[in-house]
Every structure is written in C-alpha cells, then in structure tokens.
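**Student:** Quick one, fold the following:
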Amino acid sequence: MSTERIRVVIAKPGLDGHDRGAKVVARALRDAGMEVIYTGLHQTPEQIVETAIQEDADAIGLSVLSGAHMTLFRRVIDLLTERNATDIVVFGGGIIPQEDIPELRRMGVAEIFGPGASLASIVDWVRTNIPTPAGAVS
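**Tutor:** Numbers count the residues shown, from 1 in each chain. Below you'll find the model as predicted:
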C-alpha cells in the first residue's frame, strides 16, 4: 500500500496581506492527514502554478480577500491549461460575492468556500473531490 497522501498547495495570490484563514485551512488539511504546501503571501499565479507542478500537487486552494478573485482564479486556470496540468483541481475561499460563483465554476473552479465555512466541510470536500494517488491514503 502506498503511503502517498493528497497534496494540496494553499496560496495567497495578489496583494492581499491577510493570511490567517489560509493558514487555518492549511493546518486543518494537514491535521486530516494531507500533505500541504503553503506558499506564503503575495504570490503570483505563475508562482502558484509552478509550485503546484513542482510539488506534484493534486489540488490548489486559493484564498482571496482582495476582490481580485475573478482575475486571479482565471489566470491560475489558464496557466494550468497552458502547462497541461488540468488534472490539478482548483478550489478556493475568501470574500467572494455569491453572484460571482457561477462564473468561477464555469471557468473551472471546483468549489468556493465563503466566510463561515466550517473546517470540517472543507476537509470533507477535499477528501471527497480530490483524486488520491493510486493506493494512497488521505
């Protein structure tokens, strides 16, 4: 049996300087047995995608509070497509208006967690929706 786990990159794209929520989610996923790579603040979409590819990530979780979510999510999705890495699932959270969520889903964002989403719901969603490496445990 493989000991590989779900690998998730948690990233803070753009100029937003508030990362407490991203760190809390990263810790919850790690505590649930996943391997988590937290990129830190002020990452460009290019840096995030490069990290995800280099780390052989199964998913990217973006935390966006700045209001630039449409541009940032779109750029990450476009870069994954350009790099032939569309198997990396993109999800996110932050301050994202409900009316923007359908368009984010159309562009390929798998899930958005808004304010008040429980850590358990995020962990359960990742376990259920992120394909694990063959024989892996999460």
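
**Student:** since we're on R127, how many residues are nearby?
**Tutor:** Neighbour count for R127, taken as other CB atoms under 10 Å: 15. Backbone N, C-alpha and C define where each C-beta goes, glycine included.

**Student:** ok, for the residue positioned nearest the centre of the chain, nearest residue in space, not its chain neighbours?
**Tutor:** Geometric centre of the chain, nearest residue: G61, 1.0 Å, by CA atoms, centre = their mean. Of all residues not flanking G61 in the chain, I10 sits nearest, at 4.7 Å (CB to CB, 6 or more residues apart in numbering).

**Student:** Next up, identify which helix or strand the residue nearest to the centre of the chain is on.
**Tutor:** Following DSSP states H and E, one finds G61 within strand 59-64.

**Student:** tell me the mean pLDDT for that strand?
**Tutor:** Averaged across strand 59-64, pLDDT comes to 97.

**Student:** Packing partners of the helix or strand that that strand is followed by?
**Tutor:** Next helix or strand after strand 59-64 toward the C-terminus (DSSP H and E): helix 69-82. Judged by 3 or more CB pairs under 8 Å, 6 or more residues apart in numbering; DSSP states H and E, helix 69-82 is in contact with helix 45-54, strand 59-64, strand 89-94, helix 101-107.

**Student:** list the buried ones in helix 69-82?
**Tutor:** By 16 or more other CB atoms under 10 Å, the buried positions in helix 69-82 come out as 69, 72-77, 79-80.

**Student:** From those, pick the one nearest D100.
**Tutor:** H69 (6.6 Å; CB to CB).

**Student:** And that closest one, how close does it get to E55?
**Tutor:** Going from H69 to E55 by CB to CB, to the nearest Å gives 23 Å.
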